[in-house]
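*Asks:* I'll drop the sequence and a predicted model, then ask my questions.
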Amino acid sequence: MMSGGKVSAKTINIGVKNFHSFTTITIKYFLQSKTHKNMSGKFLKPAALSCAFFFVVLLANLDGKWTGSITTPDGSNFPVSYNFKVDGAILTGSAESPEGTATIDSGKIAGNDFSFSVTVDGKAYPHTGKVYDDSCGIDINFGGPIVHTTLIRDTTK
């Protein structure tokens, strides 16, 4: 760093449409002295924009229909589908099985990790999971035993 040079912070706000959610990323970069401003500004602004784009691309999208099957602690196996809707850090939607449809409650999403609860016959079943490009892993707490299942994105229209 040059002694006696001025250091100023520049901020770039980038709004990126990521499937169904809108993400704003703020990037700060520093410029040192007026002699470096022109050269640094020409390099740092495009570099900051590139990093922001890369960050948004890394975020997997949970919106939509996901299908799979669950094997319960008693050995029963049945097909399931989840219809997820993401609004910022809030996760909503529904879960469907041959027994019917249940609403997703208390849904949260942070990056690629998510959690929610599904209530069936008055009993809440907490779910935690991680979303990947075309699949997601979910752990379901059945009041003690935890069952893991993998869902795949339903691409049929």
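*Replies:* That came in fine, so what should we check first? Residues are numbered from 1 along each chain as shown.
*Asks:* next, the buried residues of stretch 78-91.
*Replies:* Residues 80, 81, 82, 83, 84, 85, 86, 91 are the ones in stretch 78-91 that count as buried (16 or more other C-beta atoms under 10 Å). Heads up, the C-betas are built off the backbone N, CA and C, glycines and all.
*Asks:* next step: those residues restricted to strands.
*Replies:* In this view, those that belong to strands under DSSP state E are 80, 81, 82, 83, 84, 85, 86, 91.
*Asks:* mind picking the two most distant members of those?
*Replies:* 80 and 86 (18.9 Å; C-beta to C-beta).
*Asks:* so what secondary structure elements neighbour the helix or strand hosting residue 140?
*Replies:* Residue 140 is part of strand 135-141 when elements are defined by DSSP states H and E. Helices and strands touching strand 135-141, by 3 or more C-beta pairs under 8 Å, 6 or more residues apart in numbering; DSSP states H and E, are strand 123-131, strand 146-153.
*Asks:* list the buried residues for that strand?
*Replies:* Within strand 135-141, the residues that count as buried by 16+ other C-beta under 10 Å are 136, 138, 140.
*Asks:* out of the residues you listed, flag the one nearest to residue 99.
*Replies:* Set against residue 99, the nearest of the buried residues of strand 135-141 by C-beta to C-beta is residue 140 (14.5 Å).
*Asks:* from memory the closest one sits against residue 129, does it?
*Replies:* No - with contact defined as C-beta atoms under 8 Å, residue 140 does not reach residue 129; the gap is 9.1 Å.
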